[in-house]
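> Sequence below, structure please.
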Amino acid sequence: MSFANLLAPAKIGSVEIANKVIMAPLTRCRASRFPDFQPNELMAKYYSQRATAGLIITEATTVTDYSAFLSEGGCFKASHVEGWKLTTDAVHANGGKIFVQLYHPGRAAHSTSSGGKQPVAPSAKAPGGGHQIGAEFVASGEKTDYEVPRALTLEEIPEIVKQFENAAKIAKEAGFDGIEVHGANGYLLDAFLRESANDRTDAYGGSLENRARLLLEVLAAVTKVFPSQQVGVRISPLNSYQDMKTEDPVGMVEYLAKEFSKLNLAYLHLMRADFFSAQTGDVVTPARKNFTGGQLVVNMGLTAEEAEESIAKGTFDLACIGKALIANPDYVPRLKAGAKLADVNWSNVYGKTSEGYDDYPFMTDADLKKDEEKKE
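Below you'll find the predicted structure:
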């Protein structure tokens, strides 16, 4: 397959990109540990290696000193500007484009990763599931349960919006081409969206319009910093990760897509499935129908072959690829050459060193010759 559609140049909002391959936000835990969350040269090397993707979206990057991963990148203080400039400069030097994904961990945070502070959430409800915080994500070095969060007061919610707006300002100063607001996977903005985590009875709970209020306020705030055509948003209407559930995922997508369209966002990044297959359904069709003006980016389980066919049919516009870009820094050149893709070594996906991070090999002439021999 030539992948003529997938590998064709495109625009995502106002940003010109070399192809329609989007590198998914992949949290890898290589930043400095709490309390710094400082991006570093190792991260710059990793991202710059993958600059042949049309657009890179960074790992989940915290807008506050609350943390779900102990060593994710931060975007909330002046020192983070210089830390992230290492990455943006390196990616741009290699011809790539990069957006930062901004998130607040909400009830997925843990006190040992957040300076002893109790996590905050829409309601005082902990995610179910027991030992889901991995040893590498907490300062104790042991697996631990989620903690019961503290419900945010009405008076505190404007500060959350300001944190995202401040993070957007830092991202702009750091040289990012745009930002993605993380409204997925059970983190704070998604927890407000979904009934399973939000029991509020005030203006931020109850109806879908109320539950979506915080996400839409955040998007309105960050588009004062970046033009709306340099801002995207990620949602996961089906994903049950971190004990999330949506009673009417299709209805939620329809409503949000229309609201995102009013904001003239660059793209809607849609996670089309559930990590655990607890919820199923077609959320791509209602997103395609109701998100107008921007690009529809789809993620989860895509192969290059499916992406090529779907883009050709107009099912979605851009393909968000995760696992393959962990193991193949030269994923796009490999597609062009018809070379075999390497597999991910899951034993060292998270960690503090280069191992399993920036040491995946690029293809060689020998790899190409082997593939040519197989075709003969």
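
> Please enumerate the helices of the stretch 151-300 of the chain.
For the stretch 151-300 of the chain, the helices defined by DSSP state H, counting those that start in this stretch cover 157-173, 188-193, 208-211, 213-222, 249-262, 284-290.

> Adding distance to Ala78, write those out as TSV.
Bear in mind the C-beta positions are built from the backbone N, C-alpha and C, glycine included. Converted to TSV, those look like this (distance: least, CB to CB, whole Å):
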stretch	distance to Ala78
helix 157-173	8
helix 188-193	23
helix 208-211	34
helix 213-222	19
helix 249-262	31
helix 284-290	37
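
> ok, and which of those has the densest surroundings?
With neighbours defined as mean count of other CB atoms under 10 Å, the helices of the stretch 151-300 of the chain peak in mean count at helix 188-193, which reaches a mean of 29.

> Let me know the average pLDDT across that one.
Averaged over helix 188-193, pLDDT sits at 98.

> Please apply the same query to stretch 353-366.
93.

> what does it contact?
For stretch 353-366, the surrounding residues in contact (CB atoms under 8 Å, 6 or more residues apart in numbering) are 28, 30, 42, 45-46, 49, 326-330, 333-334, 337, 339, 342, 345, 347-349, 351.

> Which of those residues are buried? Put it as a PyMOL command.
In PyMOL, this line selects whichever of these come out buried by 16 or more other CB atoms under 10 Å:
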select buried, resi 28+30+42+45+46+49+326+327+328+329+330+334+339+342+349
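
> Contacts only, for Leu7.
Contacts of Leu7 (CB under 8 Å, 6+ apart): Asn19, Lys20, Val21, Val332, Leu335, Lys336.

> any idea how far it is from Gln118?
48 Å (CB to CB, to the nearest Å).

> coming back round to it: make CSV out of the contacts of Leu7 and add secondary structure and neighbour count.
What follows is the contacts of Leu7, written out as CSV (DSSP: H, G, I helix; E, B strand; the rest coil; neighbours: other CB atoms under 10 Å):
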residue, secondary structure, neighbour count
Asn19, coil, 21
Lys20, coil, 26
Val21, strand, 28
Val332, helix, 24
Leu335, helix, 24
Lys336, helix, 14
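
> Now do the contacts for the residue lying closest to Gly314 once chain neighbours are set aside.
Sequence neighbours aside, Arg288 is the residue nearest to Gly314 in space, at 7.8 Å (criterion: CB to CB, 6 or more residues apart in numbering). Contacts for Arg288 (CB under 8 Å, 6+ apart) come out as Leu296, Gly314, Thr315, Phe316.

> one more time with 7 Å
Leu296, Thr315, Phe316 (CB atoms under 7 Å, 6 or more residues apart in numbering).

> sec struct for the last one, please.
To tie it back to what came earlier, the one meant is Phe316. Of the three states, Phe316 takes coil according to DSSP: H, G, I helix; E, B strand; the rest coil.

> measure the closest residue in space to Val218 that isn't next to it in sequence to Asn290 for me?
Leaving aside its chain neighbours, Val218 sits nearest to Phe164 (4.6 Å; criterion: CB to CB, 6+ apart). Phe164 is 24 Å from Asn290, where distance means CB to CB.

> Same question for Glu308.
According to CB to CB, Glu308 and Asn290 sit 25 Å apart.

> how about the strands in the stretch 1-150 of the chain?
Using DSSP state E, counting those that start in this stretch, the strands of the stretch 1-150 of the chain run over 10-12, 15-17, 21-23, 55-62, 98-103, 120-121, 150-151.

> in this protein, which helix or strand is least confident?
helix 365-375 (a mean of 64; mean pLDDT, DSSP states H and E).

> re earlier: wait, what's in contact with the residue nearest to Val218?
Val63, Leu102, Val181, Val218, Ala221, Val222 are the contacts of Phe164 under CB under 7 Å, 6+ apart.

> will you turn those residues into TSV that also has distance to Ser79?
Listed next are the contacts of Phe164 as TSV, based on distance: CB to CB, whole Å:
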residue	distance to Ser79
Val63	15
Leu102	17
Val181	23
Val218	23
Ala221	23
Val222	21
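
> Which of these sits closest to Gln38?
In terms of CB to CB, no member of the contacts of Phe164 lies closer to Gln38 than Val63, at 15.0 Å.

> you'd agree that closest one is up against Gln163?
Yes - look at Val63 against Gln163 with CB atoms under 7 Å: they come within range, at 4.4 Å.

> residues shared between the contacts of the two?
Counting by CB under 7 Å, 6+ apart, the residues touching both Val63 and Gln163 are Phe76, His104.

> Hmm, Arg234 is touching His182, no?
Yes - counting by CB under 7 Å, Arg234 does reach His182; the two are 5.5 Å apart.
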